[in-house]
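Colleague: Build the 3D model from these lines:
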Amino acid sequence: SPPHPLPSWSVTPYVPPASTMSRRHHHQKLMPNVLLLATTLVAVTMLAVTTRHPREVPSGEFDVLGSALAPSSTAKIAGRLSKFARPDMCVWADGSERGRGRGRGRGPRGPRFEEKVLQVRRITKVVKGGKNMGFRALVAVGDKNGRIGLGCASAKEVMVAVEKASQEAKKTAITVPITKDSSLPHRLDIQWGAAEIMMKPAGQGTGLVAGGAVRTMLELAGYQNARGKQLGTDNTLNNAKAVLEAFRSFEIEKIKAAGLV
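Modeller: Have a look, this model is predicted:
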């Protein structure tokens, strides 16, 4: 018998739902959009920098295609593309990055200190229930440009004690005078408890002739030529505090009037 004739209507091909599509096919469809978005963001960022600070192009400079650039062309491009400027994505002429948001666009927060741990000791606190063990840290900070500080703190962990001592040292930092030869203005003799410290200036090229906490404090303060000696106890804490008390005894106004700095 002859085959049955096909129906007159057309059969719609089956299209699987989006959930059953293969991941590769899905990624292939999204990849051009992702690349286009990334390229657009990079281009807008570069245009924002150029628009914020259109620089003068020196003679003999060429672009990527090898054609010479004129100063006027850069200014024209910057003017046409000013609508793409992003103030939160610009790099300023001084090299610092500024933008919107919390913690951005602020000025310098102060001198950057260098930290040195002078001593870490284990301590014990006797309480009603027994003994609590902890650690005590002695930290000296300085910017090597006339700022010096000393901090001592205790905690149950070594790192916590060091951090607390560092914060205390930065808060209590003082300013000391430094001569043109990077030395002390005059001799210092100080006695603090059982510690007795002697420090005096030295000529250019002498270096730091000192040891222990005295040398560390002089180095962090910014002195490069000086002599020092510990005449009393060897306790690091007492000697460091003695050096700090000696620095506090400087009469900066009189030293400036005498022309020593």
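Colleague: Every contact and neighbour count from this point should use C-alpha atoms.
Modeller: Noted.
Colleague: and the residue lying closest to Thr175 once chain neighbours are set aside, how many neighbours does it have?
Modeller: Sequence neighbours aside, Arg147 is the residue nearest to Thr175 in space, at 4.7 Å (criterion: C-alpha to C-alpha, 6 or more residues apart in numbering). If you count neighbours by other C-alpha atoms under 10 Å, Arg147 ends up with 20.
Colleague: Quickly note the distance from Arg147 to Lys116.
Modeller: Relative to Lys116, Arg147 is positioned 14 Å away (C-alpha to C-alpha, to the nearest Å).
Colleague: Give me the neighbour count for Thr233.
Modeller: Neighbour tally, Thr233, other C-alpha under 10 Å: 13.
Colleague: is it true that it touches Ala194?
Modeller: Yes. Shown here, Thr233 and Ala194 form a contact pair, counting by C-alpha atoms under 8 Å, at 5.8 Å.
Colleague: I figured Lys241 hits Trp192, correct?
Modeller: Yes. Contact criterion C-alpha under 8 Å: Lys241 and Trp192 qualify, at 7.4 Å.
Colleague: out of these two, which sits in the busier spot?
Modeller: When Lys241 and Trp192 are compared for neighbours, Lys241 comes out ahead with 21 against 17, by other C-alpha under 10 Å.
Colleague: and that one, helix, strand or coil?
Modeller: Under the three-state scheme (DSSP: H, G, I helix; E, B strand; the rest coil), Lys241 adopts helix.
Colleague: can you pull the contacts of it?
Modeller: Neighbouring residues of Lys241 by C-alpha atoms under 8 Å, 6 or more residues apart in numbering: 150, 192.
Colleague: Per-residue pLDDT of it, please?
Modeller: For Lys241, the model assigns a pLDDT of 95.
Colleague: Could you report the separation of it from Met46?
Modeller: 54 Å.
Colleague: Same check on Lys131?
Modeller: In terms of C-alpha to C-alpha, Lys131 sits 62 Å off from Met46.
Colleague: neighbour-wise, which of those two wins?
Modeller: With neighbours defined as other C-alpha under 10 Å, Lys131 and Met46 compare such that Met46 has more, 15 against 11.
Colleague: Dihedrals phi and psi, the more buried one?
Modeller: Per-residue torsions, Met46: phi -60, psi -40 (degrees, to the nearest 10).
Colleague: which residue ranges form the strands in the stretch 151-261 of the chain?
Modeller: 174-175, 188-192, 195-201, 208-209, 226-230 (DSSP state E, counting those that start in this stretch).
Colleague: relative to strand 188-192, how tilted is the last one?
Modeller: Relative orientation of strand 226-230 and strand 188-192, computed by axes from the mean of the first three to the mean of the last three C-alpha atoms, to 10 degrees: 30 degrees.
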